[in-house]
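Okay, predicted coordinates and the sequence, questions at the end:
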Amino acid sequence: MTTVFRATLASVVSTCYFLTACSSTEQPDLEPLPPISDYVPSDWDIAKYESNLESLATEYKLQDLPDVAIVRWVDPEDSIPLMVECLQAAGVDVVQTDTSSYTVEAAPGQEDSVHLATYVCTAQYPTRMDIDRPLSDLEMKAVYDHLVDEWLPCASDQGYEGLSKPSFEVYARSLSGETVDPVYEELSRKYQPSDEELQALMEACPLRPSGFRSYQR
């Protein structure tokens, strides 16, 4: 059996959000994140890491989970290559197909062992969590200003015309996770883009300003 494991669109897009080269608008007041060698996970980061593992174990219906120590935290763009390397070391027949996905060949009855190996590798090489921490007030204002001044005009140039400008208060609630992103909701309703079309839009028009949670490599 062949199974394709693909990183979610949100994770693929968020990687672009956090790289300075993804956008042209500078935000000098935004402090960059430390390089991965200096990254120290916060209590929020650890709680998020544990929650992600619990969700993965639930999805794969795993029981009697082993204790797994973190080998090292990684930058988002290193996650897929490291997962492939780790899975190969565990004896899984896996090949990286592009920057955001890999393909696994699992013989009938071997799915559970592949799932367990995926769990272990994910636990050993977690993606840094500081890029996903709740936004500060300064970051929310920078993201909103970028949406209005840069992203909406860029999306219009890409053919997604007529998208409404939300108020700061409405958009801030979506950034806090309280509501659905109103721009994404309208975009989906009006244009119904495929995953590939949406990813292409996000690559052409990043939702985050240059310097937003950027880090040195």
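Arrived safely, thanks for sending.

in the chain, which helix has the most residues?
Longest helix in the chain, counting residues (DSSP state H): helix 43-60.

could you say what helices and strands the helix or strand just after it packs with?
Remark: after helix 43-60, the chain's next helix or strand is helix 79-89, criterion DSSP states H and E. Helix 79-89 makes packing contacts with strand 93-98, strand 101-105, helix 111-124 when contacts are defined by 3 or more CB pairs under 8 Å, 6 or more residues apart in numbering; DSSP states H and E. Where you see a C-beta, it was placed from the backbone N, CA and C, and this is true even at glycine.

Glu186: which of the ones you listed is closest?
strand 101-105 (28.5 Å; CB to CB).

Just the CA atoms of the closest one, as PDB, please.
Provided in PDB are the C-alpha atoms of strand 101-105 (Å, rounded to 0.1, in the frame of the first residue of the first chain):
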ATOM      1  CA  SER A 101       5.400  15.700   1.500                       C
ATOM      2  CA  TYR A 102       6.800  12.200   1.500                       C
ATOM      3  CA  THR A 103       5.500   8.900   0.300                       C
ATOM      4  CA  VAL A 104       5.500   5.700   2.300                       C
ATOM      5  CA  GLU A 105       5.200   2.200   1.000                       C
END
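
Partner strands of it, with direction?
When pairs are called by DSSP bridges, strand 101-105 turns out to pair with strand 2-6 (antiparallel), strand 93-98 (antiparallel).

any weak-confidence spans in this protein?
Scanning the chain for pLDDT under 70 picks out 1-29.

let's see 50
4, 6-28 (pLDDT under 50).

who touches the helix or strand hosting Glu186?
Here Glu186, judged by DSSP H and E, is contained in helix 182-191. Contacts with helix 182-191, where a contact means CB atoms under 8 Å, 6 or more residues apart in numbering, come from 147, 151-152, 155, 160, 162-164, 166, 170-171, 174, 193.

related to what we said a few turns ago, packing partners for the longest helix of the chain?
Applying 3+ CB pairs under 8 Å, 6+ apart, we find helix 43-60 packed against helix 111-124.

buried set for the helix it packs on?
114-124 (16 or more other CB atoms under 10 Å).

ok, now stretch 177-184?
181-183.

and the gap between Ile36 and Ala123?
17 Å (CB to CB, to the nearest Å).

nope, Lys190 is what I was after
Following CB to CB, the distance that separates Lys190 from Ala123 is 40 Å.

same question, Pro35
For Pro35, the distance to Ala123 equals 23 Å [CB to CB].
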